[in-house]
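Participant: mind folding the following:
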Amino acid sequence: QVQLVESGGGLVQAGGSLRLSCAASGRTFSTFAMGWFRQAPGKEREFVASIGVHSVDTDYADSVKGRFTISRNNAKNMTYLQMNSLKPEDTAVYYCVADSRTFYKMDPDYWGQGTQVTVSS
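Facilitator: Numbering: from 1, shown residues only. Here you go, the predicted model:
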């Protein structure tokens, strides 16, 4: 069992930056691929970024490539999403996820409760 708690969301102006954090419980954190999904109002939930167990492999949605960076610290059971050059279309609830199988085309086993990110124009 893995519990995920996100933090770091908030209101930011377009062009600004935010860093999301995800704290994971459980001693098996280092065996899970980690990622972030988001859901904007009236839209389906979508993949944002993912990272493999050893931080070597990453994957990003085309819409965030070059602006967002995912990272993890296995010693601290933490996952991060650094978001730069934010756009109003990045406004969404961001969810931290864990997948026991793969970082690529994730089908997460666990989801956090989400943190709101709002980007004003």
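
Participant: count the neighbours of Leu11 for me.
Facilitator: 12 (other C-beta atoms under 10 Å). Where you see a C-beta, it was placed from the backbone N, CA and C, and this is true even at glycine.

Participant: which residues sit against the helix or strand harbouring it?
Facilitator: In this assignment (DSSP states H and E), Leu11 forms part of strand 10-13. Here strand 10-13 makes contact (C-beta atoms under 8 Å, 6 or more residues apart in numbering) with Leu18, Leu86, Gln116, Val117, Thr118, Val119, Ser120.

Participant: kindly report the same for stretch 68-80.
Facilitator: For stretch 68-80, the external contacting residues (C-beta under 8 Å, 6+ apart) are 19-26, 29-30, 34-36, 48-51, 53, 55, 58, 60, 81-84, 96.

Participant: all helices of the protein, in order?
Facilitator: Counting by DSSP state H, one finds no helices in the chain.

Participant: low pLDDT regions in it?
Facilitator: Filtered on pLDDT under 70, the chain yields no residues whatsoever.

Participant: for the strand holding Leu11, which positions count as buried?
Facilitator: Residues of strand 10-13 classed as buried: Val12 (neighbour count, 16 or more other C-beta atoms under 10 Å).

Participant: likewise for stretch 63-72?
Facilitator: Val64, Phe68, Thr69, Ile70, Arg72.

Participant: equivalent analysis for stretch 37-46, please.
Facilitator: Here stretch 37-46 shows Phe37, Arg38 as buried, counting by 16+ other C-beta under 10 Å.

Participant: the chain: strands as residue ranges?
Facilitator: Per DSSP state E, the chain carries strands over the ranges 4-7, 10-13, 18-24, 33-39, 46-51, 58-60, 68-73, 78-83, 92-99, 110-111, 115-120.

Participant: mind listing what the residue nearest to the spatial centre of the chain touches?
Facilitator: Centroid check for the chain by C-alpha atoms, centre = their mean gives Trp36 as the closest residue, at 2.6 Å. Listed by C-beta under 8 Å, 6+ apart, the contact partners of Trp36 are Leu20, Cys22, Val48, Ala49, Ser50, Ile70, Thr79, Leu81, Tyr94, Tyr95, Cys96, Val97.
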